[in-house]
Structure formats: structure tokens, C-alpha cells
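Asks: Predicted model, plus sequence, below.
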Amino acid sequence: MGPSMKMLKVSFLLAVGASLLLPASALIAQDDNEVIEEAKEQRELKRQEQLAAEAEIALLEAEDLEVVAALEAATSLVNLQEAKAQAAEQRLQAALDTKIQAQEDFLAIASEIEEIEQRALTYAVESYIGMSDRRTEAWFEAEDATIAAHKIALLDLISSNTNDVLDQLKLIQEERSYLLTKAAVAQEEADAIREELEQVRVELDAQKAVREEIKKELDVRRAHWDSVLATAVEEQKEITDFIAAEEERIARELEEARRRAELEARLGQITEAGWVLPSPGAITSWFGPRLHPILGYTRMHNGVDFNCWTGDPIRSATDGIVIMAQYYGGYGYTIIVQHANSLSTLYAHLSAFNSQVNDYVVAGQQIGQCGTTGLSTGPHLHFEVRQSGAPVTPLPYLP
């Protein structure tokens, strides 16, 4: 804070008692109340937005139950389709295995069929062309009847084997036809299963698409309302913080206004009293322009300096109320007392206080102790008298 601002503040403090203080309610600008009311209205709007968002989310959550049920139904259908697909895959594989096995079995008996057919052909030729002659030859060429009977029995066995081979050939040929038919049926079943499987996969993809679409819509709606709710809550917090700060500021101003009103009332009760010297020491510097001993240039000296030692008592020059007691820049530790008739006195460069703000003091009462704080070359009291905040020479007031 620059010297001019400090002097303005001192002048203001010195002039407080002489000012016509406004009522506390008038000190708070009407605009402040309007700002707070507008902020409260904005907060209420945001609260309504929050309630609306919460209602939408509640409705959405209720709808979510239906969405979840739809998702569960879609998931169940997907699972069913997947199970059908797996079963179809298994049936397809079984049909293919059956076809392959039938083909392998057919190839395995192909050579056997060929061999049996050759044997059957040989037996058939022998049977229909030469079997009766061999039976006659066997009878006449045999050494006896026993050998002849044995040969004839052997020929009958060959004839019987031929019949067995033909029967076996017939069975194998029937089995071959069965295997070929089985392979064809398996192929047809495999083709049908492939078609069914393709349809299942199409339905499965459709159900997955439905499920993803439902989930996407759900996520978008929830994200939107979550964002709306979060924004409303955050803006309410910001507005609430603003209102709290404004109300705190206004409360401080009201308290200051109350304090000033109280001071005004007390100042009105101060009566003119006699004056005493604030310090018994000799005056070492007078009121008026002078060369500042520290700053090194000529400037107005707004008071008089009394010689004193650190710790010596400093007394109020007349009755009044302490309106400031604090460290104040170049003045060091400073006390200002407000008196009657818009007069104020200032006591600077103190080392300690013996009074505080709002204390009522009488002429000659100790209010502080001599010192050398602030811009000072040594222990002394800088004493000022001000009329409505403007410095005047103290000499006419001192005894």
C-alpha cells in the first residue's frame, strides 16, 4: 500500500466520529441483495434440473428392468441358437463320419466281392458242365466202393461250397447296396444340416445385433442423464459457494456497520473535556513542512514530536474512544482516539499498547508506551490532531 493510500486510510479513521453514519441496512448495497437473490433463483433452477435428472434416471432404471429382461431373453435365445448350432455341428459330423465309414467299408469289401464273384463263376462252370461226368468217373475209377463213395462225397462238398459262395456273394452285394444307400442318406442329411446350421447362424447374428443395439441405447441414455445430473450438482455447489461467500461478506459489512453505528452512538455521548500533554517530554519537531530525517526530502509534518524514552507512558490527550490500535506502516505501532467535535488524535511509533479498539479513555489515561517503531530515528512520540480527518496544528489544544 502506497503512502497516499495509507494517509487516506488514516484520514478516514480520524473522520469516522464526525461522519454521518448510515444505518446498517443502508450500508449494504441493494445490488448485493439482488445478486444473492438471483443466485438463489439460479440455484433453485439447478436444483430443479437435478430433480428432473434424478427422475429421468429413476425412470430409466425402471425401464432398465425391461431392457435387462429383453437382454436376458435375447441372451437366452442366443444361447439356445448356439446350442442348436452345436447340436447341428455334431449331427453333421456324425453324418459325415457315417458316410466316410460306409465308403471305407465299401472299399474294404470291393476286392472280396470280386474274389467271391470269380470263385462263384468257377464253381458254376464246373457244376453245370463237368460235375456229372466226374461223379461217373469217380465211381468207375475207384478201386472199391468205399473209395468211390468218398470221391462222390467230395464232389458233393464242392457243389455245396459253390452254393455257399453264391449265397455269400448275394449277402455281400446286398450289404454293398446298403452301404451305398447309407452313404447317400448321410450325404443328404449332411446337406440338410448344413442348411439348418446356416439358418441358425443367421438367427444368432441377428440376436447378437439386437442385444448390442439395446445395450448401446441403454449406455447412451444413462451417460446423458448421468452427465446432466453431475452438471446440475456441480453448478449447485458453485452457486452455493458463491452465495455463502457473498453472505459472509455481507455479514462482515453488517458487523462493521453495526460497529460503526455503535461508535457513532458512543461518540455522540462524548462531551468536551480538558486536554493534557500526551507525553511530558519536550517538543523536538513542530507541525509544518520539514526535511524528513530518514527520507531526505522536505514534506509536511502533520504533527509534533515529543521526546521520551522507550517504555514511558503515553496518555490520551482528552476523553474519547479508541478506534484503531495496530502496526501501521511508517507510523509503527499506532493508536487513534476519536473525540468530541469531530476531533481525533493520533499517537505513533509506540512500543506497546495499553488500550484496544472500542475502549473509552479519559484525559490523562495511559493508552500506550513510547517507542521507536516504523520510520523513526529514536524513541519519541509523534502526536497528531485532526479535524474531520484533516491534520491541524496540535498547539492550540495542548495546555
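Replies: Good, I have the coordinates.
Asks: before we move on, what SS does residue 391 have?
Replies: Remark: residue 391 carries the secondary structure label strand [criterion: DSSP: H, G, I helix; E, B strand; the rest coil].
Asks: where's the residue nearest the centre of the chain relative to residue 253, distance?
Replies: Computing the C-alpha centroid of the chain and ranking residues by C-alpha atoms, centre = their mean puts residue 230 first, at 8.9 Å. Noted for residue 230: a distance of 35 Å to residue 253, by C-beta to C-beta, to the nearest Å. No exception for glycine: its C-beta is placed from N, CA and C like everyone else's.
Asks: Just the pLDDT at residue 99, thanks.
Replies: At residue 99, the predicted lDDT confidence score is 71.
Asks: That one falls within a helix, correct?
Replies: Yes. The assignment for residue 99 is a helix, going by three-state DSSP.
Asks: Just give the closest residue to it, not the sequence neighbours.
Replies: For residue 99, the nearest residue in space outside its immediate sequence neighbours is residue 186; the separation is 3.8 Å by C-beta to C-beta, 6 or more residues apart in numbering.
Asks: part of a helix, is the one you found?
Replies: Yes. Assessed by three-state DSSP, residue 186 belongs to a helix.
Asks: what about it, neighbour count?
Replies: By the measure other C-beta atoms under 10 Å, the count of residues near residue 186 is 20.
Asks: okay, now the domains of this structure?
Replies: Taking automatic domain parsing as the criterion, the chain consists of the domains 52-229, 273-397.
Asks: could those domains be laid out in CSV, adding distance to residue 262?
Replies: As requested, those are exported to CSV (distance: least, C-beta to C-beta, whole Å):
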stretch, distance to residue 262
domain 52-229, 48
domain 273-397, 8
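Asks: Find the one among those domains with the highest mean neighbour count.
Replies: Stretch with highest mean neighbour count among those: domain 273-397 (a mean of 18; mean count of other C-beta atoms under 10 Å).
Asks: Give me the mean pLDDT for it.
Replies: Here the mean pLDDT over domain 273-397 is 94, rounded to a whole number.
Asks: First-to-last residue distance for it?
Replies: With C-alpha to C-alpha, to the nearest Å as the measure, domain 273-397 spans 11 Å from end to end.
Asks: now residue 295: how far from residue 301?
Replies: For residue 295, the distance to residue 301 (C-beta to C-beta) stands at 12 Å.
Asks: scratch that, residue 338 is what I was asking about
Replies: According to C-beta to C-beta, residue 338 and residue 301 sit 22 Å apart.
Asks: do the same with residue 223
Replies: 73 Å.
Asks: just residue 314 next, same as before
Replies: For residue 314, the distance to residue 301 (C-beta to C-beta) stands at 19 Å.
Asks: before we move on, what about residue 233?
Replies: Using C-beta to C-beta, we find residue 233 at a distance of 61 Å from residue 301.
Asks: go on, residue 384?
Replies: 10 Å.
Asks: mind listing the strands for the protein?
Replies: All strands of the chain, identified by DSSP state E, fall at 283-285, 288-291, 298-301, 304-307, 313-315, 320-327, 333-338, 343-350, 352-353, 360-361, 366-369, 380-387, 390-392.
Asks: just so I know, which of the ones you listed lies nearest residue 258?
Replies: Between residue 258 and the strands of the chain, the tightest spacing by C-beta to C-beta is seen for strand 320-327, at 14.7 Å.
Asks: what helices or strands is that closest one leaning on?
Replies: helix 145-269, strand 333-338, strand 343-350, strand 360-361 (3 or more C-beta pairs under 8 Å, 6 or more residues apart in numbering; DSSP states H and E).
Asks: try 7 Å
Replies: Strand 320-327 sits against helix 145-269, strand 333-338, strand 360-361, with contacts defined as 3 or more C-beta pairs under 7 Å, 6 or more residues apart in numbering; DSSP states H and E.
Asks: That strand pairs with which strands?
Replies: Neighbouring strands of strand 320-327 in its sheet, by DSSP bridges, are strand 333-338 (antiparallel), strand 360-361 (antiparallel).
Asks: Compare those and give me the one nearest residue 94.
Replies: Closest to residue 94 of the strands paired with strand 320-327, according to C-beta to C-beta: strand 333-338, at 106.6 Å.
Asks: I'd like the distance from that closest one to the chain centre, please.
Replies: In terms of C-alpha atoms, centre = their mean, to the nearest Å, the centre of strand 333-338 is set 54 Å apart from its chain centre.
Asks: which residue sits closest to residue 392 in space, ignoring its chain neighbours?
Replies: With C-beta to C-beta, 6+ apart as the criterion, residue 392 has its nearest non-adjacent residue at 5.6 Å, and that residue is residue 385.
Asks: Between the domains of the chain, which one is closest to residue 239.
Replies: Within these, the stretch nearest residue 239 is domain 52-229; the backing value is 15.8 Å (C-beta to C-beta).
Asks: Quick one: end-to-end distance for that closest one.
Replies: 8 Å.
Asks: CA atoms only for stretch 208-226, dumped as CSV, please.
Replies: Output of stretch 208-226 as CSV, limited to C-alpha atoms (Å, rounded to 0.1, in the frame of the first residue of the first chain):
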residue,chain,number,x,y,z
LYS,A,208,-26.5,-60.6,-31.2
ALA,A,209,-27.2,-57.4,-33.2
VAL,A,210,-30.4,-56.8,-31.2
ARG,A,211,-28.6,-57.3,-28.0
GLU,A,212,-25.8,-54.9,-28.9
GLU,A,213,-28.3,-52.3,-30.1
ILE,A,214,-30.2,-52.5,-26.8
LYS,A,215,-27.0,-52.2,-24.8
LYS,A,216,-25.8,-49.3,-26.9
GLU,A,217,-29.1,-47.4,-26.4
LEU,A,218,-29.0,-48.1,-22.7
ASP,A,219,-25.4,-46.8,-22.3
VAL,A,220,-26.1,-43.6,-24.3
ARG,A,221,-29.2,-42.7,-22.3
ARG,A,222,-27.6,-43.4,-19.0
ALA,A,223,-24.4,-41.5,-19.9
HIS,A,224,-26.6,-38.5,-20.9
TRP,A,225,-28.6,-38.3,-17.7
ASP,A,226,-25.5,-39.0,-15.5
